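Peer 1: Quick one, what's the 3D model for this:
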Amino acid sequence: MSRIDPDEPTEPTTEPTTEPTEPTTEPTTDPVEDECTASIEVVNDWDSGWQGNVSVTADGGALEGWDLTWTWPGDQSISSHWNADLTTLGSSVTASDVGWNGAVDSGQTREVFGFIATGGGTSPQVTCSPA
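Peer 2: Numbers count the residues shown, from 1 in each chain. Reported below is the predicted structural model:
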């Protein structure tokens with residue numbers, strides 16, 4: 001039987017099985033800021049047209065301005081509007097704030113403009129983008 005001298009250094013019997021690794025970093029996402037949603041509420045409806053009021057909600061940080069887009073689901077069109085700059089091309093509509101009505105506080109909803117449309121009172125799906 002051989003004896004091990006406690007004062008003599010010994011060699012390790014096994015090699016380390018793992019190699020050092022680089023520290024991993026989790027991808028970071030910026031907090032949601034300046035995101036918005038919008039909706040059109042049908043407030044009056046008659047045989048040949050309807051009135052819509054448009055509201056914008058600041059879902060992230062406060063908004064300084066907004067741009068909205070939608071496509072009419074049928075043969076609707078806007079015959080008059082107020083408090084927005086509007087552009088139409090066929091059934092596509094783009095609406096933008098007019099300066100004084102662009103600000104929406106964070107987490108708040110604000111009615112921002114209205115319009116009179118021809119056709120049936122079916123509200124389209126609206127997309128909102130911060131301006």
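Peer 1: Tell me where this protein is predicted with low confidence.
Peer 2: 1-34 (pLDDT under 70).
Peer 1: Next up, the contacts around the residue nearest to the spatial centre of the chain.
Peer 2: Nearest to the geometric centre of the chain sits residue 35, at 4.0 Å (CA atoms, centre = their mean). Taking CB atoms under 8 Å, 6 or more residues apart in numbering, we find residue 35 in contact with 58, 59, 60, 130. Placement of C-beta: from N, CA and C, glycine included.
Peer 1: Could you identify the pair within the residues you listed that is furthest apart?
Peer 2: Farthest pair in these (CB to CB) is 59 and 130. Separation: 10.1 Å.
Peer 1: Now list whatever residues contact both of the two.
Peer 2: By CB under 8 Å, 6+ apart, the residues touching both residue 59 and residue 130 are 35, 36.
Peer 1: where along the protein do the strands fall?
Peer 2: Assigned by DSSP state E, the strands in the chain fall at 36-46, 49-58, 66-71, 77-82, 85-89, 92-96, 109-118, 127-130.
Peer 1: contact partners of the fourth one?
Peer 2: Okay, so that is strand 77-82. 49, 86, 88, 93, 95, 113, 114, 115, 116, 117, 118, 119.
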